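Student: Any chance you can model this:
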Amino acid sequence: MKAADLPLARQLGIRVAPAGAAHLLELPFTPLLHNHLGTMHAAAQFALAEGASAECLQRNFAELSGRVFAVVRGVEVKYRKPATGDLLAFGAPDAATAAGLRSELAARGRAGAVILIDLKDRAGTLTFHGKFDWFISSVPPPVA
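Tutor: Numbers count the residues shown, from 1 in each chain. Predicted structure coming up:
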């Protein structure tokens, strides 16, 4: 399942970026997402970032789809600037994940992955930086 297809993501308005875009997901700045200061609520930004980290895993390791399950096990977050407009989510695996996830999973049947996420407004202002630590495990074959 894609991150933008989850019920919470749909309720918040999270959507997949247009084809060919450098970012993964988008979140429009709607009144539903405003906090008491009129900026985007921290929880909405976190939901976008977490969804983008899953989307990043799926896109960068597409061949593992259906063969593994993944869950977030830890997160480091830094809110940089107040978000006052639509947000775009950019993501990439860290160097160790990009280089070793497949081999570690093949050797051990499980692995850790780190996905780095930046949220920016349409002007390019960084509003959020996050480091998402994922636990990934091979799905056992079905019992016959």
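Student: Which neighbours in the sheet does the helix or strand where L88 lies have, and how are they oriented?
Tutor: Take DSSP states H and E as the rule and L88 turns out to sit in strand 87-93. Here strand 87-93 has these sheet partners by DSSP bridges: strand 25-27 (antiparallel), strand 110-121 (antiparallel).
Student: tilt between the longest helix along the chain and strand 110-121?
Tutor: Secondary structure of the chain per DSSP state H: the longest helix is helix 42-60. On the basis of axes from the mean of the first three to the mean of the last three CA atoms, to 10 degrees, helix 42-60 is oriented at 120 degrees to strand 110-121.
Student: For helix 42-60, name the packing helices and strands.
Tutor: In terms of contacts (3 or more CB pairs under 8 Å, 6 or more residues apart in numbering; DSSP states H and E), helix 42-60 is packed against helix 7-12, strand 25-27, strand 68-79, strand 87-93, strand 110-121, strand 126-138. In short, each C-beta sits where N, CA and C put it, glycine included.
Student: Would you tell me which of the ones you listed gets closest to P18?
Tutor: strand 25-27 (8.4 Å; CB to CB).
Student: and the closest one, how far out from the chain's middle?
Tutor: On the basis of CA atoms, centre = their mean, to the nearest Å, strand 25-27 sits 10 Å off its chain's mean C-alpha point.
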